[in-house]
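# everything below, folded, please.
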Amino acid sequence: MEVRRRIVVVGGTAAGPKAAAKARRMDQHAEITIVQREPDLSMATCGYPYYVGGSFDDRNLLLAAPTGALRDPKFFLDVKGIKALVNTEVEAVDPVAHTVLCNNLLTGEMTTHPYDKLVLATGASAVVPPIPGINLKGITTLQSMRDTDYLRQVRDAKAAKKAVVVGGGLIGIEVAEALRLSGIEVTVVEMMPQILAFLDWEIAKLVENHMRAKGVHVATGDRVAEFLGAGERLTAVRLQRGVEMPCDLAVVAVGVQPNVELAVAIGLEVGDCGGICVNEYLQTSEPDIYAAGDCIEVTHLITGKKVLAPFGDLANLQGRVAGQNVIAGNKVTFPGTIQTGVCKVFDFTVGSTGLSEASARRNGYDRIVSMVTAGPDKPHYMKGRLLVVKMVAHAETGHVLGVQCVGAGDASKRIAAAAMAIQGKLTVGDLGNADLPYAPPFSPPIDNLIVAAHCLENKMLGRVHTISSTEFKRKLDAKEGLFVLDVRGPDEYEAMRLGVGEKLIPLGTLRKRVNELPRDKGKEIVCYCKISVRAYEAATFLTANGWTNVRVLEGGLSAWPFEREK
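Next comes the predicted model:
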């Protein structure tokens with residue numbers, strides 16, 4: 001008589017159902033059970049903000065397969081032969097007896113389920129800081145379908161006029177957009193000096209400026225000290241700096257923490273980051289127990305350190321690995337992450353992969369070099385939209401360490417290509433010759449990512465000397481006596497300019513007007529234009545004619561994160 005494998009999966013959002021489904025495809029005779037505390041299964045959690053914001057109106061789309069079938073217990077049983085227990089919580093796991101004790105939260109019935117292999121996919125929970133007044137009505141997170149339903153109800157009923165989003169990370173920014181698109185006045189409060197901490201400051205500032213242009217207020221370097229209310233209802237928040245902001249809705253989005261209580265009760269090893277420790281096979285310290293998704297720690301493929309990476313795509317990839325290994329033994333691995341991400345912020349796409357310059361330095365990379373470039377994502381005759389790219393590389397080896405890309409253009413595909421370049425350990429020179437697809441409806445002849453590699457390579461080889469926007473601003477504020485050269489045309493200058501005492505000499509007239517440049521050939525000159533392509537041309541001309549301290553503003557005016565005259 002054939003012995004049927006018994007697989008129990010704890011958690012029914014992303015990694016859990018993926019593990020169960022993959023295990024079923026590997027073994028059509030195994031007994032597979034999913035235990036899910038929530039009433040729903042396979043929720044598209046990354047879609048929550050878009051349902052709240054009205055991108056689509058059918059709630060069931062968050063719970064449905066691509067065919068439209070609702071992924072409920074009947075679906076899992078009929079289509080996949082998997083028993084799914086919803087509204088059911090795991091009370092205890094006995095790793096010696098290989099049993100799982102479950103409690104039906106609706107009936108109180110206790111059941112015991114034996115297992116040969118157990119998969120923990122317990123996910124993560126929203127961090128709720130102990131701020132006075134946190135329990136007032138009108139305060140929520142966006143972590144569950146219950147939260148999503150509440151915010152959608154607020155939107156549909158027009159029950160809120162002013163909202164505060166606590167936290168400027170991915171979820172906070174997506175929630176802010178959703179609420180603003182719903183006609184609600186929104187303020188984002190972020191304790192760090194910038195939103196979106198995975199970006200470098202000057203790149204994040206471009207996103208912040210775009211949010212402000214769309215009507216979202218942003219308060220960085222501050223935090224909510226207290227939620228204020230009338231009776232049990234939220235009426236305002238008081239910031240640490242003393243400002244009181246009236247509001248009738250607050251969304252707390254300060255991060256998530258792995259759900260490891262069950263793992264701790266079992267006696268599994270938990271790492272310094274707070275997640276369950278797993279090996280490359282996603283096996284825990286207990287050989288017959290595997291773990292996947294937001295509850296685990298994984299290896300960062302660049303730094304080699306353990307990190308938390310609560311991303312929906314990684315949860316699905318990990319679930320697939322765990323599902324194979326509980327059936328076939330430890331045959332496949334999950335190597336780790338470079339923490340690639342992308343999000344929509346109104347008309348901007350914001351993407352990042354690998355290390356930012358700041359995170360590279362925090363991780364001990366001292367010999368790094370970076371470059372900011374800007375340009376349209378298609379030829380001008382195809383109405384290309386602006387992208388700003390920042391590339392970070394190791395100064396000695398030339399290996400690409402990270403890429404950030406933001407703007408109204410298609411940043412997603414540039415980040416996708418950059419992610420593969422980083423995982424493939426390509427150098428800046430390798431990426432500069434990448435054979436990427438080209439046609440005018442899709443990209444310029446030389447893609448934005450390749451342009452960024454070319455510019456960074458020029459910088460590394462000493463062919464161009466650049467200045468970042470932050471260093472330029474520091475020098476301006478310190479009144480270091482720079483000669484600032486704008487090489488755009490007069491119409492462009494009238495439409496938009498810095499207003500820092502710059503000299504306008506259009507590139508086409510520069511060769512005839514050298515007498516207007518500093519006679520001191522050692523004077524520091526900063527050249528710029530819209531995206532600094534013309535500025536680079538100007539700098540090469542000036543350098544060839546004896547000026548020895550010429551620098552090009554990285555990204556030009558398009559990547560300028562500070563205020564300007566007009």
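
# C-alpha only now, for contacts and for neighbours.
OK.

# show me this protein divided up by domain.
The record assigns the chain these domain ranges, following automatic domain parsing: 6-123+257-328, 139-254, 341-460, 466-559.

# and D94, its phi and psi?
The phi/psi pair for D94 (degrees, to the nearest 10) reads phi -110, psi 100.

# D347 - how many residues pack around it?
Close neighbours of D347, defined as other Cα atoms under 10 Å, add up to 12.

# ok, E91 next?
Other residues close to E91 by other Cα under 10 Å number 15.

# quick check: it touching C102?
Yes: proximity of E91 to C102 meets the contact threshold set by Cα atoms under 8 Å, at 5.5 Å.

# mind listing the helices for the stretch 101-250 of the chain?
Remark: helices assigned in the stretch 101-250 of the chain by DSSP state H, counting those that start in this stretch are 145-156, 170-181, 201-213.

# relative orientation of the last one and helix 170-181 in degrees?
Yep, that's helix 201-213 we're talking about. Using axes from the mean of the first three to the mean of the last three Cα atoms, to 10 degrees, the interaxial angle of helix 201-213 with respect to helix 170-181 works out to 20 degrees.

# so what touches helix 201-213?
Residues outside helix 201-213 that contact it (Cα atoms under 8 Å, 6 or more residues apart in numbering) are 194-197, 217-218, 345-346, 348, 350, 390, 404, 406-407, 469-470, 559-561.

# make it 6 Å
P561 (Cα atoms under 6 Å, 6 or more residues apart in numbering).

# next: the first one.
Under the contact criterion Cα under 6 Å, 6+ apart, helix 145-156 has outside partners V52.

# pull out the buried residues from it.
By neighbour count, and taking 16 or more other Cα atoms under 10 Å as the criterion, the buried residues in helix 145-156 are M145, D147, T148, D149, Y150, L151, R152, V154, R155.

# please identify which of those residues is nearest to A97.
M145 (34.6 Å; Cα to Cα).

# could you measure from that closest one over to L151?
Distance of M145 to L151, given as Cα to Cα, to the nearest Å: 10 Å.

# doesn't G123 make contact with C295?
Yes: taking Cα atoms under 6 Å as the contact criterion, C295 and G123 are neighbours in contact, 4.8 Å apart.

# show me where the stretch 451-566 of the chain has its strands.
For the stretch 451-566 of the chain, the strands defined by DSSP state E, counting those that start in this stretch cover 466-467, 483-486, 503-504, 525-528, 550-553.

# can these go into CSV with extra columns for mean neighbour count and mean pLDDT?
Listed next are the strands of the stretch 451-566 of the chain as CSV, based on neighbours: other Cα atoms under 10 Å; pLDDT from 0 to 100:
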stretch, mean neighbour count, mean pLDDT
strand 466-467, 20, 98
strand 483-486, 22, 98
strand 503-504, 16, 98
strand 525-528, 24, 98
strand 550-553, 26, 98
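
# tabulate these in a markdown table, adding columns for distance to V188.
Converted to a markdown table, the strands of the stretch 451-566 of the chain look like this (distance: least, Cα to Cα, whole Å):
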| stretch | distance to V188 |
| --- | --- |
| strand 466-467 | 31 |
| strand 483-486 | 35 |
| strand 503-504 | 38 |
| strand 525-528 | 33 |
| strand 550-553 | 30 |
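
# wait, which of the ones you listed is closest to A97?
The minimum distance between A97 and the strands of the stretch 451-566 of the chain falls on strand 466-467, with 64.6 Å, by Cα to Cα.

# other residues contacting that closest one?
By Cα under 6 Å, 6+ apart, the list of residues contacting strand 466-467 reads R551, V552, L553, E554.

# the third one bridge partners, please.
Read that as L553. Here L553 sits in beta bridges with I467, going by DSSP bridges.

# and the buried residues of helix 145-156, which two are furthest apart?
Of all the pairs that those form, the one spanning the most space (Cα to Cα) is M145 and R155, at 15.0 Å.

# now the phi/psi pair for the residue nearest the centre of the chain, please.
Geometric centre of the chain, nearest residue: G341, 4.1 Å, by Cα atoms, centre = their mean. Here the main-chain torsion angles of G341 (degrees, to the nearest 10) amount to phi -150, psi 160.

# which residues does it contact?
Listed by Cα under 6 Å, 6+ apart, the contact set of G341 reads G351, S352.

# next: N458.
If you count contacts by Cα under 6 Å, 6+ apart, N458 has them with V464.

# can you rerun that using 10 Å?
By Cα atoms under 10 Å, 6 or more residues apart in numbering, the residues touching N458 are M371, A452, V464, H465.

# I'd say the last one and A535 touch.
Right, the one you point to is H465. No: the pair formed by H465 and A535 falls short of the contact definition of Cα atoms under 10 Å, at 11.3 Å.

# looking at those two, which has the bigger crowd around it?
More neighbours surround A535 than the other of H465 and A535, with 27 against 19 (other Cα under 10 Å).

# so what's the more buried one up against?
Applying Cα under 10 Å, 6+ apart, we find A535 in contact with 485-488, 506-507, 526-529, 541, 551-556.

# ok so, going back, and the domains of the chain as JSON lines, adding distance to F334?
Putting the domains of the chain into JSON lines (distance: least, Cα to Cα, whole Å) gives the following:
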{"stretch": "domain 6-123+257-328", "distance to F334": "5"}
{"stretch": "domain 139-254", "distance to F334": "23"}
{"stretch": "domain 341-460", "distance to F334": "13"}
{"stretch": "domain 466-559", "distance to F334": "37"}
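
# closest to P129 out of these?
Each of the domains of the chain has some distance to P129 by Cα to Cα; the shortest is domain 139-254, at 8.2 Å.

# over to that closest one now: how far is its first residue from its last?
In terms of Cα to Cα, the two terminal residues of domain 139-254 are separated by 13 Å.

# report the mean confidence score over it.
Regarding domain 139-254, the rounded mean pLDDT is 97.

# do you know the pLDDT at A453?
A453 is assigned a pLDDT of 98 by the prediction.

# and if you look at the one 3 residues further on?
According to the model's per-residue confidence, L456 sits at a pLDDT of 98.

# quick one: contacts for it?
When contacts are counted by Cα under 10 Å, 6+ apart, L456 is found next to 369-373, 390-393, 398, 428-429, 432, 450, 462-464, 466.

# try it again at 8 Å.
V369, S370, M371, M391, V428.

# between the residues you listed, which is closest to H300?
Comparing these against H300 with Cα to Cα picks out M391 as the nearest, at 18.5 Å.

# doesn't the closest one belong to a strand?
Yes: following the definition DSSP: H, G, I helix; E, B strand; the rest coil, M391 is counted among the residues of a strand.

# now do the contacts for it.
The neighbourhood of M391, defined by Cα under 8 Å, 6+ apart, consists of S370, M371, V372, V400, L401, G402, V403, Q404, A452, A453, L456.

# now stretch 528-541: buried residues?
Counting neighbours by 16+ other Cα under 10 Å, one finds that the buried residues in stretch 528-541 are Y528, C529, K530, I531, S532, V533, R534, A535, Y536, A538, A539, T540.

# quick check: closest non-adjacent residue to the fifth one.
With sequence-adjacent residues excluded and distances taken as Cα to Cα, 6 or more residues apart in numbering, S532 is closest to G556, at 4.6 Å.

# burial of that neighbour, as a residue count?
G556 has 24 neighbouring residues, counting by other Cα under 10 Å.

# check the one 5 residues further on too.
When neighbours are defined as other Cα under 10 Å, P561 has 19 of them.

# check contacts around the closest residue to A126 other than its chain neighbours.
Counting by Cα to Cα, 6+ apart, A126 lies nearest to V256, which is 4.3 Å off, once chain neighbours are set aside. Taking Cα under 8 Å, 6+ apart as the definition of contact, the neighbours of V256 are A124, S125, A126, V127.
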